[in-house]
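Peer 1: Quick one: sequence and predicted model below, then my questions.
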Amino acid sequence: MTPTGPSTSTIPDTQDDARPGASERAADPSATSPLHRLSPEQIEEIGEAFQRIHDEVKADLGERDAHYIRSIIEFHRRLAALSRIVLMASRYPPAWVLGTTGLSVAKILENMEIGHNVLHGQWDWMNDPQIHSSTWDWDTASTSASWKHSHNYIHHTYTNIVGKDKDVGYEFMRIDPKQPWEPFFLLQPVLNVIVMLAFEWGVAIHDLDLEAVRKGKKDPKQLKDELKGIGRKAGRQILKDYILFPALSGKHWKKTLKANFTANLVRNVWSNAIIFCGHFPDQAYTFTEEEVADETRGGWYVRQLLGAANIEGSDTFHLMSGNLSYQVEHHLFPDMPSSRYKEIAPKVKAVCEQYGLPYNTGPFLQQWLMVQRSILRLAFPGGKERPKSPPYVAPPEPPRRRPTVEGVEGPVPAFP
Amino acid sequence: MVETAAAPRISRWRRKLLQMAGAMTTPLLPDDYLALLDPRWSTRELTGTVVRVRSETDEAATVIVRPSHPWPGHRPGQYLRIGAEIDGIRHWRAYSLTSDPEHPEGLVSVTVKHVEDGKMSPWFTEHCGPGTVVFLGDVEGEFGLPDPLPEKLLMISAGSGITPIWSMLRELQRRGRLDDVVHLHGTRTAEGFIFGPMLRELADDHEGYRLHEQLSSENGRLKATDLDELVPDWRERFASLSGPREMIDAFVEHWESEGLADQLQTERFQPVIGTGDAEVGSGGTVRFRVTDKDAECDVGVSILVGGEEAGANLPYGCRMGICHTCVGRLRSGKVRDLRSGEVHGEDGETIRTCVNAPEGHVEIEL
């Protein structure tokens, strides 16, 4: 269904330079940010259109969705168990490769399609205490409670507001020219690689809110509790991956330890890549606190749309990215089951087209390279706003070619 | 948090073993992997498999369930929270247990009356069947036979309110104590009387059990003013009331007006609490760590209500301490249970925010 605004609504004029292929635009963002071009009424209409998409899906959730998440969870558990068993024979190279691959895939699925999404409450509607944001814990160093605060609450509420959303550069990187430069950022090309490799530990520390700790704003008791929580989780993770399972391989424990280390590394690099591609590519807009003062529900939706970027790929790619490749849909509807993002993407695009809004997306390598370029460039002072996407225009439908019977002249439709 | 089934009772060594194996499955539990082999091996939640559904009347059916682990037991008159998954969503309801406490095959049952437009009762009476899995919550409720047993008893029930009374009568029969029991039951028709045939038989066999059926389609509903005529010595009897709220309210008023309130027990849920009616404790302040909100609770105001007034979006269900939907982990401070007045709270304990008020400053992971 296409969300319908009043038919008289004026679609803002798309300037000539906003056509595909002519996207190199003036660098002043406030001149082009769609947030400033839309009237308050249009913003309200957009908000209602998105809310309608959300409510339709919510009313339709049922057995099919429950079956989906249970299948994924079961698949993860089987794969994890099998990989661990195969790795008991890690001294044989094929077993090592097979087990490490399986464990890497299992950990990625567990963190991305299962953990991240369950912790968002995407499956809370099932009322199943074993697949619920209040009880879930995931196979990574950060604790679910502090993650829910720093990610679900801070990041998803204040998305891309420079100075409020601590995920803009994670408090140690400059990934947006709006962030003032400091000499410390000269280190960021090196820090970037370290964070890529040790991503789960970076996330765990990020959840503590280092800036608040530095400024002494964090309640000492809460900080102590959170540090204890991280310590306890880290201890259990290390015991499992680096002591107990290697021990099962007897005197070849080193091979299994290396396999487990590799699997964690693969998961770290992959999740880092996907997550950095969510908001840091050039197309994504950032906002100042003044821009979003007195923001309405509609304004919130528009900001989520503009601040996120999708990654194009196959169904398997989407699954392995936890459907964060539908970052736009995820940011509009963080509590919607991830398996529904693909289904609603056309409706989101239709809203974009109707109101002349961009639908940020691109192939994986392109998005990732853009992010890396920004990280390198913005380590140094200065840097300009990068060009943004033009308003979304649906691609023309390919001319329909009716299948014809071979050897017959003219368009004779096939039978039957 | 969300309502969870009861924890199965398992032996200490098994619990210990699972705990140790948890070091290898963390953050999951060994149960999660065992369940891949057979779901009944999981000790996360007490589940049950429906053995059969027995029709009692046109509108009521007894659902007979085999628990996945040995039944922890119950007292006749208590109720069970029972959960079922309908179109991907788990729902919970409380029903009185109608099975004997120590069933030789370890079976338990609840008896459900079909409620038009209901969610769960039509599912129980029409959709569920042998093999369906249900979730078994905690056994709760204070309604039951007093100890020591009074000499003269009066039971008053109407409609599906018969179910706890049925369990109590069965228990009296087992104990050989159907000495002097008068039972008034209101039903629309004689055929709609759940357990009617068996109770009539019981009355025929036992002189100490007198059954009066009030057919509301013919003679109107049971009224408190009928008592003197139907049971002249009702003031000397310990009475148990189970039925629709209006009926109970009317009868309770009657007992109270005679100054006999302590000779009466009723089966109905407690009123919603935590809104400041109960004047106990000191009140206090709450810090919600996840939602990043601070709330102030006056005396008798629950953490849930205080948090909602401060603008926090908090989970809740029954709002009377039954369903555990609203629980959060206590991280600092003490709370007061608004039902009992008791002050409690250990660091890390999960507490129900709907029936607990802060006693001073508390911090909670919600």
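Peer 2: Cool, got the structure. Residues are numbered from 1 along each chain as shown, chains lettered A, B, ... in the order given.
Peer 1: any idea how chain B splits into domains?
Peer 2: Chain B breaks down into these domains under automatic domain parsing: B:12-140, B:153-267, B:284-365.
Peer 1: Is it possible to get JSON lines of those domains that adds mean pLDDT?
Peer 2: As requested, those are exported to JSON lines (pLDDT from 0 to 100):
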{"stretch": "domain B:12-140", "mean pLDDT": "93"}
{"stretch": "domain B:153-267", "mean pLDDT": "94"}
{"stretch": "domain B:284-365", "mean pLDDT": "87"}
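Peer 1: Take the ones you listed and write them to JSON lines, including distance to A:Asp55 and mean neighbour count.
Peer 2: Every C-beta, even on glycine, is put in place using the N, C-alpha and C of the backbone. Output for the domains of chain B, formatted as JSON lines (distance: least, CB to CB, whole Å; neighbours: other CB atoms under 10 Å in any protein chain shown):
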{"stretch": "domain B:12-140", "distance to A:Asp55": "17", "mean neighbour count": "17"}
{"stretch": "domain B:153-267", "distance to A:Asp55": "34", "mean neighbour count": "18"}
{"stretch": "domain B:284-365", "distance to A:Asp55": "17", "mean neighbour count": "20"}
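Peer 1: Which elements pack onto the helix or strand where B:Pro122 lies?
Peer 2: Here B:Pro122, judged by DSSP states H and E, is contained in helix B:120-122. Judged by 3 or more CB pairs under 8 Å, 6 or more residues apart in numbering or on different chains; DSSP states H and E, helix B:120-122 is in contact with strand B:89-96, strand B:108-113.
Peer 1: Summarise which helices and strands whichever helix or strand comes after that helix is packed against.
Peer 2: Downstream of helix B:120-122, the next assigned helix or strand under DSSP H and E is strand B:133-140. The contact analysis (3+ CB pairs under 8 Å, 6+ apart) places strand B:133-140 against strand B:47-55, strand B:60-67, strand B:79-86, strand B:89-96.
Peer 1: if we go to 6 Å?
Peer 2: strand B:47-55, strand B:79-86 (3 or more CB pairs under 6 Å, 6 or more residues apart in numbering or on different chains; DSSP states H and E).
Peer 1: Tell me which of those sits nearest to chain A.
Peer 2: Closest of the helices and strands packed on strand B:133-140 to chain A is strand B:79-86, at 7.6 Å (criterion: CB to the nearest CB).
Peer 1: what bridges to the most centrally placed residue in chain B?
Peer 2: In chain B, the residue lying closest to the centroid (CA atoms, centre = their mean) is B:Tyr79, at 3.8 Å. When bridges are called by DSSP bridges, B:Tyr79 pairs up with B:Ser96, B:Glu140.
Peer 1: what about it, distance to B:Val139?
Peer 2: 7 Å (CB to CB, to the nearest Å).
Peer 1: Make JSON lines out of the domains of chain B and add distance to A:His149.
Peer 2: Putting those into JSON lines (distance: least, CB to CB, whole Å) gives the following:
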{"stretch": "domain B:12-140", "distance to A:His149": "18"}
{"stretch": "domain B:153-267", "distance to A:His149": "42"}
{"stretch": "domain B:284-365", "distance to A:His149": "5"}
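Peer 1: and A:Thr157, which of those domains is closest to it?
Peer 2: Closest of the domains of chain B to A:Thr157 is domain B:284-365, at 9.7 Å (criterion: CB to CB).
Peer 1: tell me the SS of the closest residue to B:His206 other than its chain neighbours?
Peer 2: Distances taken as CB to CB, 6 or more residues apart in numbering or on different chains place B:Leu178 nearest to B:His206, at 4.6 Å, with adjacent residues excluded. Under DSSP: H, G, I helix; E, B strand; the rest coil, the three-state class of B:Leu178 is coil.
Peer 1: how far away is B:Leu178 from B:Gly208?
Peer 2: Per CB to CB, B:Leu178 is found 4 Å from B:Gly208.
Peer 1: A:Val269: neighbouring residues, count only.
Peer 2: Neighbours of A:Val269 under the rule other CB atoms under 10 Å in any protein chain shown: 16.
Peer 1: hmm, the helix or strand harbouring it in reach of chain B?
Peer 2: Counting by DSSP H and E, the element that carries A:Val269 is helix A:253-279. No. For helix A:253-279, no contact with chain B is found by CB under 6 Å from any CB of the partner chain; the gap never falls below 11.9 Å.
Peer 1: and the helix or strand that that helix is followed by, how far from the chain's centre?
Peer 2: Counting by DSSP H and E, the element after helix A:253-279 in chain order, helix or strand, is helix A:297-307. Relative to the chain's own centre, helix A:297-307 is displaced by 16 Å; criterion: CA atoms, centre = their mean, to the nearest Å.
Peer 1: Tell me the buried residues in helix A:297-307?
Peer 2: Within helix A:297-307, the residues that count as buried by 16 or more other CB atoms under 10 Å in any protein chain shown are A:Gly298, A:Gly299, A:Trp300, A:Tyr301, A:Val302, A:Arg303, A:Gln304, A:Leu305, A:Leu306, A:Gly307.
Peer 1: Can I get those in TSV including distance to B:Gln214 and pLDDT?
Peer 2: Shown next, in TSV, are these (distance: CB to CB, whole Å; pLDDT from 0 to 100):
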residue	distance to B:Gln214	pLDDT
A:Gly298	60	94
A:Gly299	63	94
A:Trp300	60	94
A:Tyr301	60	96
A:Val302	65	96
A:Arg303	65	96
A:Gln304	62	96
A:Leu305	65	96
A:Leu306	69	96
A:Gly307	68	95
